[in-house]
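In: A predicted structure for the sequence below; I have some questions about it.
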Amino acid sequence: MNELLSSTVLTPVMEVIDVDAAVSIATSALLVDLGLSQWAARKTDKFASAAMIAANNAETGVAAVHKDLLAGCAELTAVHKMTSAIRVYHQAHTLPWGMNNLLPTKWYFDYHKDMTDMFGQWETKVDEFVAAYEWQVAQQTVLANKLGDMFDPSEYPPADTIRQKFHYRFGYMPVPTNDWRVQIGEEGTSQLTEQFNTYVQDNVHAMFQSVWKKLYAYLERASERLDYVDHGDKKKFHDTLVSNVTDMFEVLDVCNVTGDSQMSAMKLKLEDAFYCVTPDALRDDAYMRKETKRKVDDIIASLPSLDI
């Protein structure tokens with residue numbers, strides 16, 4: 001736990017979500033189903049692992065030697081980087097919700113366009129790797145010195161099957177509502193309704209927690225970097241110290257799919273604290289720096305409890 005969090009008394013509870021109101025999420029957000037699969041080109045070498053464990057007098061199973069079957073393959077590296085970029089973008093623009101992620105409808109068009117573009121790039125990079133695969137394997141066969149005695153040609157999939165190692169799943173679904181159509185009787189319906197209400201409460205809590213934690217991280221950083229009096233102990237910071245926080249104005253607005261009053265109030269506090277605040281002004285104006293830090297610390301103290 002960091003120093004600032006341990007010394008800050010946070011508001012003990014967040015606003016209880018009215019389940020009927022929470023179900024209205026279905027009109028302001030949708031679920032995103034995303035799955036990406038790729039060939040890692042990595043294998044565990046059992047013999048090398050056993051030799052390493054024996055050489056270090058360690059117990060069996062405590063360590064392993066993993067080998068990169070196509071070390072230095074630029075085409076495969078490009079695929080892996082694109083996969084990571086898609087996942088990072090997806091996590092940054094959606095909220096946790098059960099096994100899927102929640103996408104506020106206000107972000108749908110930009111999100112869909114960007115994801116579609118990235119998947120197009122991903123497909124292109126996969127095709128480029130598949131086209132280079134046989135040559136890459138041939139290079140490993142001829143120049144097996146990269147892996148030495150760990151080289152095993154049987155660990156390389158046939159060229160005509162390698163494309164099947166790469167695929168993705170991407171689609172949208174409506175957020176389920178408490179509308180049971182199954183013929184299960186009054187008692188069964190009551191049990192399902194109770195379970196559903198708990199499910200909604202838990203997911204709304206997790207969703208809000210993800211927003212609060214992101215905001216807390218930005219505010220904590222701002223508070224720490226602005227904590228100096230004169231140029232003698234001046235602390236350097238990037239312009240993103242301010243832009244990360246001001247970007248949260250929109251995040252708090254768009255992600256408030258339940259109309260949470262605490263989140264609405266927090267947006268107003270942030271807008272007040274960073275009104276006309278610029279990175280250069282914070283660097284040059286000691287009074288603005290002191291006042292901004294004071295407001296930031298007040299906001300941190302008013303954040304709901306965080307599951308950290």
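Out: Everything's here; your move. Residues are numbered from 1 along each chain as shown.
In: Around Ala41, how many other residues sit close by?
Out: Neighbourhood size, Ala41 [other C-beta atoms under 10 Å]: 23. Bear in mind the C-beta positions are built from the backbone N, C-alpha and C, glycine included.
In: which stretches of the stretch 201-308 of the chain form helices?
Out: 240-254, 261-273, 279-284, 286-302 (DSSP state H, counting those that start in this stretch).
In: got it, and the stretch 51-200 of the chain?
Out: Under DSSP H, counting those that start in this stretch, the stretch 51-200 of the chain gives helices at 74-93, 108-142, 185-225.
In: could I get these as JSON lines with mean pLDDT and distance to Leu34?
Out: Formatted as JSON lines, those follow (pLDDT from 0 to 100; distance: least, C-beta to C-beta, whole Å):
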{"stretch": "helix 74-93", "mean pLDDT": "96", "distance to Leu34": "6"}
{"stretch": "helix 108-142", "mean pLDDT": "93", "distance to Leu34": "8"}
{"stretch": "helix 185-225", "mean pLDDT": "87", "distance to Leu34": "16"}
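In: need those helices in TSV with distance to Trp39 and mean neighbour count, can you?
Out: Compiled in TSV, those are given as follows (distance: least, C-beta to C-beta, whole Å; neighbours: other C-beta atoms under 10 Å):
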stretch	distance to Trp39	mean neighbour count
helix 74-93	8	16
helix 108-142	9	15
helix 185-225	31	16
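In: and of these, who's closest to Phe170?
Out: Among the helices of the stretch 51-200 of the chain, helix 108-142 comes nearest to Phe170, with 6.7 Å by C-beta to C-beta.
In: Name all residues that make contact with Val251.
Out: Val211, Lys214, Leu215 (C-beta atoms under 8 Å, 6 or more residues apart in numbering).
In: ok, of those residues, which one's closest to His66?
Out: Lys214 (32.6 Å).
In: Report how many residues lie close to the residue nearest to Leu215 when sequence neighbours are not counted.
Out: Leaving out its chain neighbours, the residue that sits closest to Leu215 by C-beta to C-beta, 6 or more residues apart in numbering is Met248, at 5.3 Å. Neighbour count of Met248, defined by other C-beta under 10 Å: 20.
In: and Met248, what is it in contact with?
Out: Lys214, Leu215, Tyr218, Leu270.
In: Could you export the residues you listed as a markdown table, including distance to Lys290?
Out: What follows is those, written out as a markdown table (distance: C-beta to C-beta, whole Å):
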| residue | distance to Lys290 |
| --- | --- |
| Lys214 | 25 |
| Leu215 | 22 |
| Tyr218 | 19 |
| Leu270 | 18 |
